[in-house]
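Engineer: sequence unknown, structure follows:
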């Protein structure tokens, strides 16, 4: 049974994390909104008008779910990786390690903080999108649950990255060379039908493709992938990565001598 | 009740360095205890194991009866730590650092805010509560770490070099605060390089060297082991060379100052009588080195001050 003191500790971590990204909002909240506006102006407006409709939707409409998801994925990940690594680097992670806070509460606290930033950015990006394009939500349940689970998954990913990171370079490598390419190749700006046969099969190994398509289905009702398969994959990765993050903290990897 | 019981504690790091070679140590509840040793002796490793930051390789540690390995959460609840290095978020407001720490220990937010105010006021940081911690001076940062360690009102407070780099006036005000905390019932374990600090504050002492406890006794007992002291005497009238005093070794420092070695069995009266016979008037006297410092150096370097 969870003790009240543990819940207070969890809430303390989450509030601290939210205050952190709120305090530095010009670095955390504002840039994705500016980038999104540029995506809509350049890709949606200027280039999109020449591309024509996609899956029965205007190109501007089609890219909305992917652009929102890009904001959620990168910000949920970035928040945890930079915050937890910062705590290691300045050694204030020791404040938590010596306190009677179970490891799973530490992981959940940081992950919830990452989710808060990912979802805040997702909401802000959605507000920017609404300014450029009108759309009606196809399924609120699928839209919200995909957003929540995706933020959860990538916040856990950011935590694992931070545990292993020994320098600031280490917290930039995965987002730059793995996360961003997978997200861009995950069908933000195109449908997999546009890829040649071989690359269509390769694309199916990209988990972000499933996430973006599930979200697109929730928001617009169109998808390249079966939504059930997408949810199963997201759920499986969450269980695997969360267990791994707990194992790392239990072993004290990167934080304990 | 024992605040701390350490039995056969061993630590060997992955690179093969043996930091602790099976130490035994116990600290009574309410004590003000000094854990001294040269750099690399094993003090920080011991503190790391007590506070769950370092994994031991052998032995056992109990804090107020709770084993730090088997009942880690109960043990952690009892401990407050002031580490040697600044380890708070430099960008966080001072007040939030205290309330967050209390929150990690499950203290209700309202109580956490009250305690934050209490300790920040006590330590002269209340006016700085909204400012970022990085803007504090070195002494203020040290006090912030003490306030943070007290936020959950621990039964055992461990201070690792709490006054390093702090000026003497502030150091003495911190001593007075720590005496107050101890008098209110908190057991305190102190490591310091200022041996005057340990002598002034602590009732019991352990000296650790190369991973082993070389002395563990009361401060009073330890200081009685000091057989020889070097005194510096300031004279009223100038002299040209060191006076010849039977049985005392005298060194001329400058016309108004001499240095005299005094063995315990010799006492001071014969020294002053000998000086009077030579019409030398002493206007002030002080120890060349802190008494504990002399003992400490003898113990960790094998000198001759201790039998």
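Structural biologist: Arrived safely, thanks for sending. Just so we're clear, the structure is a prediction, and the values are computed from it rather than from any experiment. Residues are numbered from 1 along each chain as shown, chains lettered A, B, ... in the order given.
Engineer: what domains does the record give for chain B?
Structural biologist: Each domain of chain B is listed here as a residue range: B:2-223, B:227-301, per automatic domain parsing.
Engineer: Comparing those domains by mean pLDDT, which bottoms out?
Structural biologist: Comparing mean pLDDT across the domains of chain B, the weakest is domain B:227-301, with a mean of 83.
Engineer: End to end on stretch B:234-243, go ahead and measure it.
Structural biologist: Length of stretch B:234-243, first residue to last, C-alpha to C-alpha, to the nearest Å: 13 Å.
Engineer: Just the buried residues of it, please?
Structural biologist: B:235, B:243 (16 or more other C-beta atoms under 10 Å in any protein chain shown). For glycine as for every other residue, the C-beta is placed from the backbone atoms N, C-alpha and C.
Engineer: Over to stretch A:181-194?
Structural biologist: For stretch A:181-194, a neighbour-count test (16+ other C-beta under 10 Å) marks A:182, A:183, A:185, A:186, A:187, A:188, A:189, A:190, A:192 as buried.
Engineer: Ok, stretch B:197-213 next?
Structural biologist: Those would be B:197-199, B:201-202, B:204-209, B:211, B:213, for stretch B:197-213 by 16+ other C-beta under 10 Å.
Engineer: Check the secondary structure at the residue in the stretch 101-250 of chain A that chain B sits nearest to for me.
Structural biologist: Residue of the stretch 101-250 of chain A nearest chain B, by C-beta to the nearest C-beta: residue A:101 (5.5 Å). Secondary structure for residue A:101, judged by DSSP: H, G, I helix; E, B strand; the rest coil, is coil.
Engineer: quick one, phi/psi of it?
Structural biologist: With angles defined as degrees, to the nearest 10, residue A:101 sits at phi -110, psi 120.
Engineer: Quick check: closest non-adjacent residue to it.
Structural biologist: residue A:9 (4.5 Å; C-beta to C-beta, 6 or more residues apart in numbering or on different chains).
Engineer: Closest residue of chain A to chain B?
Structural biologist: In chain A, the residue that lies nearest chain B is residue A:5 (2.3 Å; C-beta to the nearest C-beta).
Engineer: Could you report the distance from the residue nearest to residue A:19 when sequence neighbours are not counted to residue B:279?
Structural biologist: Excluding the flanking residues, the one nearest residue A:19 by C-beta to C-beta, 6+ apart is residue B:96, at 7.2 Å. Residue B:96 sits 67 Å away from residue B:279, going by C-beta to C-beta, to the nearest Å.
Engineer: neighbour count winner among these two?
Structural biologist: residue B:96 (21 against 9; other C-beta atoms under 10 Å in any protein chain shown).
Engineer: so which strand or helix has that one?
Structural biologist: Under the criterion of DSSP states H and E, residue B:96 resides in helix B:94-104.
Engineer: Regarding whichever residue of chain B sits closest to chain A, what are the backbone dihedral angles?
Structural biologist: Minimum separation of chain B from chain A (C-beta to the nearest C-beta) falls at residue B:106, amounting to 2.3 Å. As for residue B:106, its main-chain torsions (degrees, to the nearest 10) stand at phi 80, psi 20.
Engineer: Report the spatially closest residue to it, excluding sequence-adjacent ones.
Structural biologist: Spatial nearest neighbour of residue B:106, chain neighbours left out: residue A:5 (2.3 Å); criterion: C-beta to C-beta, 6+ apart.
Engineer: Next: residue A:241.
Structural biologist: Nearest residue to residue A:241 in three dimensions, chain neighbours excluded: residue A:156, at 4.5 Å (C-beta to C-beta, 6+ apart).
Engineer: show me the contacts for residue A:28.
Structural biologist: Each residue near residue A:28 by C-beta atoms under 8 Å, 6 or more residues apart in numbering or on different chains is listed here: A:21, A:75, A:79, A:117, A:121.
Engineer: if we go to 10 Å?
Structural biologist: With contact taken as C-beta atoms under 10 Å, 6 or more residues apart in numbering or on different chains, residue A:28 is in contact with A:20, A:21, A:22, A:75, A:78, A:79, A:82, A:117, A:120, A:121.
Engineer: Spell out for me which residue occupies the centre of chain A.
Structural biologist: By C-alpha atoms, centre = their mean, chain A has its centre lying nearest to residue A:73, at 1.9 Å.
Engineer: Isn't that residue up against residue A:152?
Structural biologist: No. Counting by C-beta atoms under 10 Å, residue A:73 stays clear of residue A:152, with 11.2 Å between them.
Engineer: Quick check: next helix or strand after the helix or strand residue B:22 falls within?
Structural biologist: Per DSSP H and E: residue B:22 is located in strand B:18-28. Once strand B:18-28 ends, the next helix or strand along the chain (criterion: DSSP H and E) is strand B:32-36.
Engineer: Show me what the following helix or strand past that next one is packed up against.
Structural biologist: Beyond strand B:32-36 in the direction of the C-terminus, DSSP H and E gives the next helix or strand as helix B:43-50. Contact partners of helix B:43-50 among helices and strands, from 3 or more C-beta pairs under 10 Å, 6 or more residues apart in numbering or on different chains; DSSP states H and E: strand B:2-12, strand B:18-28, strand B:32-36, strand B:58-63, strand B:79-82, strand B:156-160, strand B:187-191, strand B:204-209.
Engineer: Apply 8 Å and report the result again.
Structural biologist: Helix B:43-50 sits against strand B:2-12, strand B:18-28, strand B:32-36, strand B:58-63, strand B:156-160, strand B:187-191, with contacts defined as 3 or more C-beta pairs under 8 Å, 6 or more residues apart in numbering or on different chains; DSSP states H and E.
Engineer: what's around the residue nearest to residue A:241, how many residues?
Structural biologist: Residues near residue A:156, counting by other C-beta under 10 Å: 29.
Engineer: what helices or strands is the one helix or strand it maps to leaning on?
Structural biologist: Taking DSSP H and E as the criterion, residue A:156 maps to helix A:140-164. Judged by 3+ C-beta pairs under 8 Å, 6+ apart, helix A:140-164 is in contact with helix A:59-89, helix A:103-132, helix A:168-174, helix A:207-220, helix A:227-251.
Engineer: For it, what is the distance to the chain centroid?
Structural biologist: With C-alpha atoms, centre = their mean, to the nearest Å as the basis, helix A:140-164 stands 5 Å off its chain's centre.
Engineer: Also stretch B:163-174?
Structural biologist: 12 Å.
Engineer: mind listing what's buried in that stretch?
Structural biologist: For stretch B:163-174, burial by neighbour count (16+ other C-beta under 10 Å) applies to B:163, B:166, B:170, B:171, B:174.
Engineer: List of residues touching whichever strand or helix holds the fourth one?
Structural biologist: With secondary structure defined by DSSP H and E, residue B:171 is part of helix B:168-183. For helix B:168-183, contacts defined as C-beta under 8 Å, 6+ apart pick out B:30, B:32, B:122-123, B:139, B:142-143, B:146, B:150, B:157, B:159, B:162-163, B:166, B:188, B:190, B:194, B:197, B:200-201.
Engineer: Can you give me the neighbour number for the closest residue to residue A:138 other than its chain neighbours?
Structural biologist: Spatial nearest neighbour of residue A:138, excluding adjacent residues (C-beta to C-beta, 6+ apart): residue A:221 at 3.6 Å. A count of nearby residues for residue A:221, using other C-beta under 10 Å, gives 15.
Engineer: All set, thanks.
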